[in-house]
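Asker: Curious how this folds, go ahead:
(chains A, B, C, D, E and F)
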Protein chains: 6
Amino acid sequence: MTTLTRRYRFSASHRLHAAGFTEEENRELYGKCNNPYGHGHNYTLEVSVRGEVDGKTGQLARPAVLDELVGREVLAELDHRSLNEEIAAFSGGGEGMVPTTENLAAWIEQTLQAGWRTAFPDGKPELCAVRVLETKRNSFELRT
Amino acid sequence: MTTLTRRYRFSASHRLHAAGFTEEENRELYGKCNNPYGHGHNYTLEVSVRGEVDGKTGQLARPAVLDELVGREVLAELDHRSLNEEIAAFSGGGEGMVPTTENLAAWIEQTLQAGWRTAFPDGKPELCAVRVLETKRNSFELRT
Amino acid sequence: MTTLTRRYRFSASHRLHAAGFTEEENRELYGKCNNPYGHGHNYTLEVSVRGEVDGKTGQLARPAVLDELVGREVLAELDHRSLNEEIAAFSGGGEGMVPTTENLAAWIEQTLQAGWRTAFPDGKPELCAVRVLETKRNSFELRT
Amino acid sequence: MTTLTRRYRFSASHRLHAAGFTEEENRELYGKCNNPYGHGHNYTLEVSVRGEVDGKTGQLARPAVLDELVGREVLAELDHRSLNEEIAAFSGGGEGMVPTTENLAAWIEQTLQAGWRTAFPDGKPELCAVRVLETKRNSFELRT
Amino acid sequence: MTTLTRRYRFSASHRLHAAGFTEEENRELYGKCNNPYGHGHNYTLEVSVRGEVDGKTGQLARPAVLDELVGREVLAELDHRSLNEEIAAFSGGGEGMVPTTENLAAWIEQTLQAGWRTAFPDGKPELCAVRVLETKRNSFELRT
Amino acid sequence: MTTLTRRYRFSASHRLHAAGFTEEENRELYGKCNNPYGHGHNYTLEVSVRGEVDGKTGQLARPAVLDELVGREVLAELDHRSLNEEIAAFSGGGEGMVPTTENLAAWIEQTLQAGWRTAFPDGKPELCAVRVLETKRNSFELRT
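Answerer: Sure, this is the predicted structure:
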């Protein structure tokens, strides 16, 4: 089994603020990430897929197919967007998730899984990891 | 003459939208940077100072003094902020500057020059360059 | 399960020299890392923790809590220090460990485990990996 | 168990073209990587080995021994070479493998395994991963 | 005056071999870069332009206009190509230039200057530097 | 005129402590860089040379010649060394320079100039800049 990892970038803004906590608790909990007008990041996204290398093509997956899936389902949604205002899963005040990078990584993983068969009809290769780097010092990984 | 460059980071959000243009002209001009809800970046700031090395200390400048100046005047203002909403020079619709990285670099350069003598009373070393990297692929420099 | 990785830096000096070998064997074994007056590195430390994301806060761990633990127990001990002279585990000639990066990674892992409950009283999230990069070309990882 | 990873670089050229497909199918399959005269990359190779740290030397492996093996078996073969023209496994038209980075990673892994005992006669430490980065955005990993 | 630098990447293969030298002199002169079947690199190209920031748009240049020029005139020619076989200036044996990165940087600078007015009809901003990084350790710059 | 920049690395230890100041003044002046047992860095050195490209070879300078000069005069002296204990210019208590990176850059520049004609007998190309990066956040440049 071989693993292919491809790296993508997107820029977005967010504000961390959780329903169910007071203003002061939010400030205490999220620090400057709770600043009221939001801030932003250049996120790096690494998507890893695992499978058998095709003996004839020498490829595990066609990069263009993975790029098209990630571009359509993830980057077109997130790039140059406000996570709080424009991504349904993170909107709606008390009903949406807080757009932490933990939740963002989970959203990306679920979004890719949901669309996986449109790109890879037989489910091969399989998605094996999603990593989101919020800054050079802070990253999150989901293995599946 | 020796040049010292120190590197800092801050995260902020912005939206590019210029007064005096129609909505459509703004979309045409700024592309996805004009998206209505803003987006953000991890900015890298490089500040270069130039001067003589002190024979006794072997230093061009005390790093802590420069860091204090940049921290107080620039990073405390910009980090985890919305440039459009929270920085006076970029606020106010038609009257503020568009928060492009060109204008942001100029604002940082002017802000550092204005406070320079509070950190370096005799004007030595002198500020010689401000560089702002918006992404790994896009940077701006002002030499003074 | 999600994994959070945070990256830290510290600068330290060391000399590789093992008790129980002759001078010549030490030179043969460690090469220029055995040079008698020591040398140093900018070490990069990556600490990974694994656990469940809290549904209310959207966080796996509060970054500030992890940073406080790593800062107090590891960085305050190692940064701008001589490993051979100032860290008890590596001092004392024949009785201390050789300050290789293998042993340094193990020391960091044990030190963090020993203090883990002061930061995370219920043991959640758990420490899952410690990686130390001695240079861009040489790194060590302990998974737990 | 500790893992040591060492990073190497080499520059090579290749052209992706598979026997058993028409010219047009090859263009469709590999895109610009099928351009007839080849192109090239600065490849990064990361080799990870896993084992017990020797209590006396504080080392998992002697870096010079691993470097000698990788240098002799891999870098001397691949660096500043044409994969299609000079590496037997990838030469010969229909009979060689297509020099995709998937196949290149597999070739490196097999080559290192074949020579492993010349460097580490007791098989310790063991090779645990080979990663090849073709560009900053595209990498492949084999775990063993 | 502000300087904008944008970074691009391309992959190409080349072989250093100069007409007017013997085979042995070429080997002596270029070392492994003279290997007969060529090798390749992931080149990084940085293009810097200098000018006044427009007061209304806050921009020195429209990034899309510069990207279109560089993409059309430079990247479309060089990316995934063999410099020796496919770029006229470097082809033709004794009559073409040796595809060193010095000559490649000069070719890029001249090509951009020749097409500059198609992108910037009034010559503003002006091209002020072309830098080509062949590897992380070797780069070339032309200032204009 | 073209500029070639080559990048080198070395690891060394140092302690900042200036004769002519009290212990307390030294602590105040240099902070943790004054810690008594020293610490260390992975330094990056960038050497830039400027000149005409030779029409026949397509080269500004033979990289191997520059590497040999830098290796012999600079890296062989500094790599895996203690600057305070082993480099004459920085030794000797009150008589040596403080091994700040400002002074280290000046020492490297003077050392390269002193040996320049052994590598480049006609003085072409000329040394035009020496940059030393002490950490990712702190660098020094001398232009000549």
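Asker: residues contacting the residue nearest to A:Val53 when sequence neighbours are not counted?
Answerer: Nearest residue to A:Val53, sequence neighbours excluded (Cβ to Cβ, 6 or more residues apart in numbering or on different chains): D:Glu102, at 4.6 Å. Bear in mind the C-beta positions are built from the backbone N, C-alpha and C, glycine included. Counting by Cβ atoms under 8 Å, 6 or more residues apart in numbering or on different chains, D:Glu102 makes contact with A:Thr2, A:Leu4, A:Val53, A:Gly58, A:Gln59, A:Leu60, D:Phe140.
Asker: now those as JSON lines including pLDDT and neighbour count?
Answerer: Below are the contacts of D:Glu102 laid out as JSON lines (pLDDT from 0 to 100; neighbours: other Cβ atoms under 10 Å in any protein chain shown):
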{"residue": "A:Thr2", "pLDDT": "97", "neighbour count": "23"}
{"residue": "A:Leu4", "pLDDT": "98", "neighbour count": "24"}
{"residue": "A:Val53", "pLDDT": "97", "neighbour count": "23"}
{"residue": "A:Gly58", "pLDDT": "96", "neighbour count": "20"}
{"residue": "A:Gln59", "pLDDT": "97", "neighbour count": "22"}
{"residue": "A:Leu60", "pLDDT": "97", "neighbour count": "24"}
{"residue": "D:Phe140", "pLDDT": "98", "neighbour count": "22"}
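Asker: re the thing from before, and the residue nearest to A:Val53, how close does it get to D:Glu73?
Answerer: Here the criterion is Cβ to Cβ, to the nearest Å. By it, D:Glu102 lies 19 Å from D:Glu73.
Asker: can you check A:Leu142 too?
Answerer: A:Leu142 is 36 Å from D:Glu73, where distance means Cβ to Cβ.
Asker: ok, now A:Gly123?
Answerer: According to Cβ to Cβ, A:Gly123 and D:Glu73 sit 36 Å apart.
Asker: so where do the helices sit in chain A?
Answerer: In chain A, the helices defined using DSSP state H lie at A:23-30, A:63-70, A:76-78, A:83-86, A:101-119.
Asker: Tell me which of those is the most buried.
Answerer: helix A:83-86 (a mean of 22; mean count of other Cβ atoms under 10 Å in any protein chain shown).
Asker: Not counting its neighbours along the chain, what's nearest A:Thr101?
Answerer: Using Cβ to Cβ, 6+ apart, the nearest residue to A:Thr101 is A:Glu134, at 4.5 Å.
Asker: my read: that neighbour touches A:Asn42, true?
Answerer: No. Using Cβ atoms under 8 Å, A:Glu134 is not in contact with A:Asn42, being 9.1 Å away.
Asker: Point me to the residue sitting farthest from the middle of chain A.
Answerer: Relative to the C-alpha centroid of chain A, counting by Cα atoms, centre = their mean, A:Lys56 is the outermost residue, at 32.5 Å.
Asker: Surely that residue is in contact with D:Gly20?
Answerer: Yes. Contact status for A:Lys56 versus D:Gly20: in contact at 5.9 Å, counting by Cβ under 8 Å.
Asker: Name the spans of chain A whose pLDDT lies under the cut-off.
Answerer: Across chain A, the ranges flagged by pLDDT under 70 are A:92-94.
Asker: if I pick A:Glu85, what's in contact with it?
Answerer: Contact partners of A:Glu85, counting by Cβ under 8 Å, 6+ apart, are A:Ser91, B:Tyr37.
Asker: Give me the distance between it and A:Gly31.
Answerer: 21 Å.
Asker: cool, A:Arg137 as well?
Answerer: Taken as Cβ to Cβ, the span from A:Arg137 to A:Gly31 is 15 Å.
Asker: How about A:Thr100?
Answerer: To A:Gly31, A:Thr100 is 13 Å away according to Cβ to Cβ.
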